[in-house]
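Asks: here is my input; please provide its structure:
(chains A and B)
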Amino acid sequence: MPETEIERLEAAAGASPPALSALLAADVLAVHLFSEETEPELDLDLEGAEVAELARRRFDDGGHLIVATLDRAAPEELRAGCIDLRSFLRERLAGLGRHDREETMELLEELAAAERPSRDPIGLGASRALAREGLREPLPPSIVDRDEPQGLHFDSVLALSETAFYVRGWARDGQAEPVRLTAVSPEGSRVELLPGIYRDPRPDVDSFYEEPTRTGAEGTGFLGFCETRAPSLLSTGWLLEMENALGVTREVPGPQVSRNLLAARSAILSDLHKERRWDTPLMDHVVPAVSLIQERLEAATQIERVWQYGEPPEAPAVSIVVPLYGRIDFLEHQLAQFVHDPELREADLIYVLDSPDLAPALEAAAGQLFELYGVPFRVAVLSQNGGYSVANNRGASLAEGRLLLLLNSDVLPDEPGWLGAMTRFYEEHEVGVLGPKLLFEDDTLQHAGIRFQRPPDGGAWENEHFFKGLHRDLPAANVARAVPAVSGACMMISRELFDGVGGLRGMFVQGDYEDTDLCLRLRQEGHETWYLPEVELHHLEGQSYALETRTAMSRYNVWLHTRLWDEEIEQAMAQWTG
Amino acid sequence: MLREIRRTLGEDVPILYTLHEFLPICHRNGQLVRTTTEKPCREESPRRCHECFPEVSPQAFFMRKRFIQSQMSAVDRFLAPSNFLRDRFVDWGLPADKVRFEEYGRLPVTAAPTRERRVRNRLVFIGQLSYFKGVNVLLKAMKRLQDDEVDVHCSVYGANLELQPDEFRTEFAELLEATKSTVSFEGEFNHDDLPAIMADADWVVVPSVWWENSPLVIQEAGQHRRPVIASDIGGMAEKVHDGVSGLHFKAADPASLAETIERAVSTRKLWDELQRRIEPPFAMDEHVRSLSRQYRELLASKGTAEELVEPPGPATEIEDVRYA
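Replies: Below is the predicted model of the structure:
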């Protein structure tokens, strides 16, 4: 690579001119080069200085590369033996053979992938990007033209973490089948997309080219989840390389990286419209991507504050966890019913505010509501909106009771005594999960336990509520019995079992299927789910979310649920009906 | 609010609540008239309320009801000035043993004189000029009578026309214009003028198209011994006994009202017979005695009867109840 190109890159990266002190201060890479035949020793035991050797390599010409971090206190003689990375690239590495250059790249990636956290990961990334441009073998650029057999485009890179990405683009070749498709991070990490990447039809691209592509029936487009070995933090500089069976290569620059997790989640979930079945290979890409996003959102969602109203009950049997999302007025609606029931004063009532923007409004109201209704409760405010499972898990982490009751904020008890009835049944029958009868606002049955149903073609299992829409006193719905699952709108489970399976799983998106997933995980460990009809509550659902925003999520959730539980559900239903 | 009162008073103080209207039941200002058909509503439910207010979900109506009922549970006893209203609240969910019928008490007044007349053909309407009070039903009936050349006259007293929707005001103005030879519109009136207004009238017409509770105008007509021609629904049907102390017509039906008025003014001696059977309204003294008796009962049931105070002073100190 010509020096001017390196300088251009330096300018683009905003780096100062190569000065050792700058590199040292930035804790980037210090490169120690020895040209002697002998194995050099780097004295790391220097008083007052932090020096760490990260990697070393011996070159064919007998030189050694030692990559180390140095700080300002490193002694002069050591600094004198060092050379900054940019000079090193220019003066020493540019002339190396291809093999050495590739090995150097690998070495740099190895050290970046090492678990030792860098104090300046962006600086490290910028240095690696410089090295990549100094060492790599550029390929001929792809030109999108009807007469060019090769066509290549890198549409989008969604960053899901420092090492996980969701990429989209297209690659076609009218000459020979592409055998290699490589995404290259700005830092030089190489990710082979073939053969695992999901291919989708791109009629828009295909109609542009007159000759058919040689990519087979799989489709010209590609999209999917991929991971780099070392972190990639830079937003510009991705590349896409292609090589066909005849050895013809092309490359194109990639787009700016998008880092908004919620936007990425929407975009990835919307890809599911390309498929009709839960067992599509597309899910092999969407599931790890969305799961990772969910994990990161969950990790970022912590309890920020807890407000206690009234005297907490002593040694409560039950902790009731109620997420509040969007509608904080539901708090008063529940308290206005709980006030009639002495058992609710004995319970550990925990509201989890999953809409932190409403914290000031809730704080203003909650104290007055306690004064008015006299039912003690706590409010845990989350640091950000985390969704149904996270809110419940965070609330459960505060629980004092030996039993947990997960309760939606839009559930109102029909009459007092319900909590005691559930508690007694749960403890006398030693069940795993217990769910009550839930009613619609017109008093018809909404929930009398859940079973799973799938279309005859082996499509995804869907949750179906027993006797939905029928009369609340239907005799068949008035039998306490084991059921495949119950609704999370109101479910009781011992804290020990809940914690034992790690709580609700956050991989589902926004409040769907976590409940049956929990029941199935307990079932797997030998604990039954029961339905208790003598307890009746109204569930006034559907007031918090707009329906349209849920369709993409619902499709994902139902497919994921089947992907996780196909066999277990098959067994559960066979046993249940048999 | 009720719960705040309860919290302030403590558990030992009885709370009596007089139900004046249907606001707890009906989101339409307690009107109990469907927005869809403008017909009186016989039964509320989340679904039916949602039909009247599509922008409010059935779930929200369910929660509204449960919330209001929770607040009302802080009350020890409800007083309903009509059986109709009591039954509606019991149907809606108030415990039957908590809701008692208790008519509004009236301060004594001197009945307006009744002049000796051969024909009893002077009607009066006293009330809000609104759709629900049925004034246009009356004017439509008067139009028919005018067209049939029936010798009858009606005075219309009422206010708040400016608060009504344009559509109503236009119709009202058109009907007044069409009936100007038999109807005189007198506008707002001073309550002190009531005896004079009554003195000038033979019949009081109460043509409301909604249920009403216990219309004060019926009590006032009773005090001045004027038979009432009333809609055959709700509180009106309860307070006016058809063919005994007044006459019923089919609510919201101008033809039925016209036919009833014609019968009223043309049947000899009918007015005198009805007037004779008008029962005197419930006296304020009795009302106050009943209230203090009920407070004492409730105090006794709460075990705090010893702290009993004397019943309030003479009934005359209690302000008269004005038109709503």
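Asks: what's the closest non-adjacent residue to residue 181?
Replies: Let's take chain A. Nearest in space to A:Leu181, with sequence neighbours left out and distances taken as Cβ to Cβ, 6 or more residues apart in numbering or on different chains, is A:Leu193 at 4.3 Å. (Each C-beta comes from the backbone N, C-alpha and C, glycine too.)
Asks: try chain B instead
Replies: Sequence neighbours aside, B:Gln146 is the residue nearest to B:Ser181 in space, at 6.3 Å (criterion: Cβ to Cβ, 6+ apart).
Asks: ok, now B:Val109?
Replies: Computed as Cβ to Cβ, 6+ apart, the closest residue to B:Val109 that is not its neighbour in sequence is B:Gln223, at 5.3 Å.
Asks: what sits against the one you found?
Replies: Contacts for B:Gln223 (Cβ atoms under 8 Å, 6 or more residues apart in numbering or on different chains) come out as B:106, B:109, B:111, B:280-281.
Asks: determine which two of those are furthest apart.
Replies: By the measure Cβ to Cβ, B:Arg106 and B:Ala111 form the most distant pair in those, at 11.9 Å.
Asks: more neighbours, those two?
Replies: Neighbour count, other Cβ atoms under 10 Å in any protein chain shown: between B:Arg106 and B:Ala111, B:Arg106 has more, with 22 against 16.
Asks: which non-adjacent residue is nearest the residue nearest to the spatial centre of chain B?
Replies: In chain B, the residue lying closest to the centroid (Cα atoms, centre = their mean) is B:Pro215, at 2.1 Å. In this structure, B:Pro215 finds its nearest non-sequential neighbour in B:Val206, 5.8 Å apart by Cβ to Cβ, 6+ apart.
Asks: what of B:Lys140?
Replies: Nearest residue to B:Lys140, sequence neighbours excluded (Cβ to Cβ, 6+ apart): B:Pro254, at 3.6 Å.
Asks: report how many residues lie close to that neighbour.
Replies: By other Cβ under 10 Å, 22 other residues sit near B:Pro254.
Asks: these two touch, right, it and B:Arg144?
Replies: Yes: using Cβ atoms under 8 Å, B:Pro254 makes contact with B:Arg144 at a distance of 6.4 Å.
Asks: and the nearest residue to B:Glu171 once chain neighbours are set aside, what does it touch?
Replies: Of all residues not flanking B:Glu171 in the chain, B:Asn136 sits nearest, at 5.7 Å (Cβ to Cβ, 6+ apart). Shown in contact with B:Asn136 (Cβ under 8 Å, 6+ apart): B:168, B:171-172, B:175.
Asks: go on, A:Phe222?
Replies: A:Phe222 makes contact with A:167-171, A:181, A:193, A:197-200, according to Cβ under 8 Å, 6+ apart.
Asks: burial of A:Ala315, as a residue count?
Replies: For A:Ala315, the count of nearby residues is 9 (other Cβ under 10 Å).
Asks: mind checking how far it is from chain B?
Replies: Distance, A:Ala315 to chain B, by Cβ to the nearest Cβ, to the nearest Å: 27 Å.
Asks: which SSE is that residue in?
Replies: Using DSSP states H and E, A:Ala315 is not contained in any helix or strand.
Asks: who's in contact with it?
Replies: Counting by Cβ under 8 Å, 6+ apart, A:Ala315 touches A:Glu400.
Asks: tell me the pLDDT of it.
Replies: Per-residue pLDDT puts A:Ala315 at 93.
Asks: equivalent analysis for A:Glu441, please.
Replies: Note for A:Glu441: predicted pLDDT of 94.
Asks: wait, what's in contact with the closest residue to it other than its chain neighbours?
Replies: Of all residues not flanking A:Glu441 in the chain, B:Phe62 sits nearest, at 3.6 Å (Cβ to Cβ, 6+ apart). By Cβ under 8 Å, 6+ apart, the residues touching B:Phe62 are A:441, A:538, A:540, B:46.
Asks: export these as JSON lines, with columns for neighbour count.
Replies: Listed next are the contacts of B:Phe62 as JSON lines, based on neighbours: other Cβ atoms under 10 Å in any protein chain shown:
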{"residue": "A:Glu441", "neighbour count": "24"}
{"residue": "A:His538", "neighbour count": "24"}
{"residue": "A:Leu540", "neighbour count": "28"}
{"residue": "B:Pro46", "neighbour count": "22"}
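Asks: so how far is the host helix or strand of B:Pro195 off the chain centroid?
Replies: Applying DSSP H and E as the criterion places B:Pro195 in helix B:194-199. Taking the mean of its C-alpha atoms, helix B:194-199 sits 19 Å from the chain's own mean (Cα atoms, centre = their mean, to the nearest Å).
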